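Participant: got a predicted structure plus its sequence, pasted below:
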Amino acid sequence: GEAAGWYAVTGVLFFLGALCKETCVTVLGVIGFDDLFFVLIPALGAPRAPAKTGARLRAAAHSVAHFVMRGLVLVALLAAYLFLRLSLMSDSYNMSDMSLNESQLVRRTENPYHFLDDYETRVLSKWHLQTRYFGLLLLPLHLSCEWSYNCIPAVEALADARNGYTALLLMSLVVLFAVYWRHRPGLNALLWLVLTHIPGSGLVLTIGTLLAERLLYLPSVGFSLLLGVTVAALCVGDGNGGAETPLRTRRSVGRGRHARGHAGAQAVVLLLL
């Protein structure tokens, strides 16, 4: 009963968020990946001591059932959202009607990259936009109410120096995911940062604008969480300055140092960005 109540609250909040901005649908992906990494995988990969095999199997079965139930709820919410969106946008309920690829709503003046003839130039330019987005997160110095025309010139060759920023961004994300692979707060922050940015990035879906600060609302949540995780680990560390007490074993001290190592690696990556 309590779980059903929370599922209902989740559904109501999701549809309220979707009415504000369609990128809210990415939150379902954040929840799903969090369950995958921290509910299902630990349950299936937990070591099983012979003396407690039965108890561990029951716990694993409970975790798997929990994951499946939550997954079904997320899929149902996504299906309901797509059905509602299609019913408002099309009479044929054709998924292609939700795309702007063939739409006259995309204009050259507002999204010139969509009209680039050369595939390599289009790909390099769209990836360069991601460095501009993350640059706005790091230092929102140059803002504009309308990014259009040739305000961000296209990247027309691999030799363009701006591709170096793209490579640095991708390497930084790989390092951050490697550092926080098993760290729930850090990985959650990265999921919020990356998954919520994908729909508005222009890499997967055609959008009607070249670049827009409003598309960073949800990614900025993940970025803020990421900075919070870093500051907490660097300033608080293991909670006692690394000192060992009778109530704190060498193992707990090691975990604190390990957390500070994670935070230090992240701080270096953010400085490189």
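Facilitator: Thanks, I have the structure now.

Participant: so where's the stretch 51-200 of the chain shaky on pLDDT?
Facilitator: Residues of the stretch 51-200 of the chain meeting the criterion pLDDT under 70: 51-53, 90-105.

Participant: ok, which stretches of it are strands?
Facilitator: Taking DSSP state E, counting those that start in this stretch, the stretch 51-200 of the chain contains no strands at all.

Participant: mind listing the helices for it?
Facilitator: In the stretch 51-200 of the chain, the helices defined using DSSP state H, counting those that start in this stretch lie at 53-89, 119-138, 162-179, 184-195, 198-201.

Participant: and those as a markdown table, adding distance to residue 219?
Facilitator: Where C-beta positions appear, they are placed from N, C-alpha and C, glycine not excepted. What follows is these, written out as a markdown table (distance: least, C-beta to C-beta, whole Å):
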| stretch | distance to residue 219 |
| --- | --- |
| helix 53-89 | 20 |
| helix 119-138 | 7 |
| helix 162-179 | 12 |
| helix 184-195 | 5 |
| helix 198-201 | 8 |
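
Participant: tell me which of the ones you listed is the most buried.
Facilitator: For these, the largest average neighbour count (mean count of other C-beta atoms under 10 Å) is found in helix 184-195, namely a mean of 21.

Participant: how about the CA coordinates for it, as CSV?
Facilitator: Extracted as CSV, the C-alpha positions of helix 184-195 are listed here (Å, rounded to 0.1, in the frame of the first residue of the first chain):
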residue,chain,number,x,y,z
ARG,A,184,25.9,6.2,-5.6
PRO,A,185,25.8,10.0,-5.0
GLY,A,186,28.5,10.6,-7.6
LEU,A,187,27.0,8.3,-10.2
ASN,A,188,23.5,9.7,-9.6
ALA,A,189,24.9,13.2,-10.2
LEU,A,190,26.5,12.1,-13.5
LEU,A,191,23.3,10.4,-14.6
TRP,A,192,21.4,13.6,-13.9
LEU,A,193,24.0,15.6,-15.8
VAL,A,194,24.3,13.4,-18.9
LEU,A,195,20.9,11.7,-19.4
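
Participant: show me what that helix is packed against.
Facilitator: Under the contact definition 3 or more C-beta pairs under 8 Å, 6 or more residues apart in numbering; DSSP states H and E, helix 184-195 sits against helix 26-35, helix 162-179, helix 217-235.

Participant: can you list contacts of stretch 106-114?
Facilitator: For stretch 106-114, contacts defined as C-beta atoms under 8 Å, 6 or more residues apart in numbering pick out 100, 115, 122, 125-126, 129, 148-150, 154, 202, 206-210.

Participant: if we use 7 Å, what do you get?
Facilitator: Contacts of stretch 106-114 from elsewhere in the structure, counted by C-beta atoms under 7 Å, 6 or more residues apart in numbering, are 100, 115, 122, 125-126, 148-150, 154, 206-210.

Participant: quick check: the farthest pair among those?
Facilitator: 100 and 150 (21.0 Å; C-beta to C-beta).

Participant: who's more crowded, the two?
Facilitator: Each of residue 100 and residue 150 has its neighbours counted (other C-beta atoms under 10 Å); residue 100 has more, 14 against 9.

Participant: can you count the residues close to residue 17?
Facilitator: Neighbourhood size, residue 17 [other C-beta under 10 Å]: 15.

Participant: which residues touch it?
Facilitator: Counting by C-beta under 7 Å, 6+ apart, residue 17 touches 24, 27.

Participant: tell me the secondary structure at it.
Facilitator: With DSSP: H, G, I helix; E, B strand; the rest coil as the basis, residue 17 sits in helix.

Participant: state the pLDDT value of it.
Facilitator: For residue 17, the model assigns a pLDDT of 88.
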